[in-house]
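K.L.:
all I have is the shape, not the residue letters:
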């Protein structure tokens, strides 16, 4: 490799990988099509390798490009982390915190908690990432994560915030027409909403008996917010976190004495960030808000 490789060229490389075209990469980077093309050409020249080939579907990464993707993404995460760490003076409760939460919590739960955080620490800015896949805290892709399984890596610091029961909910309008189930056996005569392809959710549904067999479900989706939205619309019965379902006047808790699952909820960060003031502040507020959301016991 005879020429230095610039970070801008590597950003263009990642943008083309993600977008599949120079036009898409240019839009993402906020540059012209010619600039995106020039950056890829410069990078290929510096590396002495072809990174993309043209196909009917756009630009296809070569084997060399795939081999370089991991290091480039690690560099992108490190760069983003560097910028977040530089966003506040040492000791100041201010700056950017990137927070990862599962999709249901992101849609249905976290907003009031972030309002409480904003009230307590107005100089903190939150970047919110919604995903059921675990963000890479070890690579510091995010600063803080809310997880529903206990982390096992030694370099992570975790605080259990709540144990949230899961229950079955249906719209009042649906129950007026179809009646209210009073036993698990009654569910075989009702419309049920559940998972599509998520292995863990399908395995959970399988433990609940034939009423929850995948082929019986009237709506299959791996999005938990979409499942609850469908129940609100009267399509059938869906599982949801009990505090969310009970506060919605459109919904009724079906079989309220039955708790098929309870989610341990953990607030997690990397050990190297635990004493950063804004990280400590975010974790403390979230822990307090989750305790209010579903008090122990």
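P.N.:
Thanks, I have it. Not measured: the values here are computed from a predicted model.

K.L.:
find the residue at the geometric middle of the protein.
P.N.:
Per C-alpha atoms, centre = their mean, the C-alpha nearest to the average position across the chain is that of residue 131, at 1.6 Å.

K.L.:
can you give me phi and psi for it?
P.N.:
Backbone torsions of residue 131, given as degrees, to the nearest 10, read phi -160, psi 140.

K.L.:
that one and residue 221, how far apart?
P.N.:
To residue 221, residue 131 is 16 Å away according to C-beta to C-beta, to the nearest Å. Every C-beta, even on glycine, is put in place using the N, C-alpha and C of the backbone.

K.L.:
do residue 270 as well
P.N.:
33 Å.

K.L.:
residue 287: how many residues sit nearby?
P.N.:
Neighbour count for residue 287, taken as other C-beta atoms under 10 Å: 16.

K.L.:
please report phi then psi for it.
P.N.:
Here is the backbone geometry of residue 287 (degrees, to the nearest 10): phi -60, psi -40.

K.L.:
is it in contact with residue 161, as I believe?
P.N.:
Yes - counting by C-beta atoms under 8 Å, residue 287 does reach residue 161; the two are 4.9 Å apart.

K.L.:
between these two, which contacts overlap?
P.N.:
Common neighbours of residue 287 and residue 161 (criterion: C-beta atoms under 8 Å, 6 or more residues apart in numbering): residue 267.

K.L.:
before we move on, back to that, quick one: residues contacting the residue nearest to the centre of the chain.
P.N.:
Going by C-beta under 8 Å, 6+ apart, residue 131 touches 100, 102, 103.

K.L.:
quick check, the first one in contact with residue 145.
P.N.:
Right, residue 100. Yes - counting by C-beta under 8 Å, residue 100 touches residue 145, with 4.3 Å between them.

K.L.:
helix or strand right after the longest helix along the chain?
P.N.:
With secondary structure taken from DSSP state H, the chain has its longest helix at helix 63-85. Under the assignment DSSP states H and E, the closest C-terminal helix or strand after helix 63-85 is strand 95-101.

K.L.:
pLDDT averaged over stretch 191-198 - what is it?
P.N.:
Stretch 191-198 shows a mean pLDDT of 96.

K.L.:
related to what we said a few turns ago, who has more neighbours, residue 270 and residue 221?
P.N.:
Per other C-beta under 10 Å, whichever of residue 270 and residue 221 has more neighbours is residue 270, with 22 against 19.

K.L.:
which elements pack onto the lowest-mean-pLDDT helix or strand in the chain?
P.N.:
Lowest by mean pLDDT, DSSP states H and E among the helices and strands of the chain is helix 63-85, with a mean of 81. Secondary-structure packing of helix 63-85 (3 or more C-beta pairs under 8 Å, 6 or more residues apart in numbering; DSSP states H and E): helix 7-19, strand 95-101.

K.L.:
which residues touch that helix?
P.N.:
7, 10-11, 13-14, 17, 47, 49-52, 61, 95-98, 127, 136, 139-141, 143, 276.

K.L.:
not counting its neighbours along the chain, what's nearest residue 219?
P.N.:
By the measure of C-beta to C-beta, 6 or more residues apart in numbering, the closest residue to residue 219 outside its immediate chain neighbours is residue 193, 4.6 Å from it.

K.L.:
correct me, but that neighbour touches residue 217?
P.N.:
Yes - using C-beta under 8 Å, residue 193 makes contact with residue 217 at a distance of 6.4 Å.

K.L.:
so between those two, which is more surrounded?
P.N.:
Taking neighbours as other C-beta under 10 Å, residue 193 and residue 217 compare with residue 193 leading, 24 against 20.

K.L.:
is it fair to say that one lies in a helix?
P.N.:
No - under DSSP: H, G, I helix; E, B strand; the rest coil, residue 193 sits outside any helix and is assigned strand.

K.L.:
residue contacts, it?
P.N.:
With C-beta under 8 Å, 6+ apart, residue 193 has these contacts: 217, 218, 219, 220, 221, 227, 230, 231, 235, 236, 237, 238.
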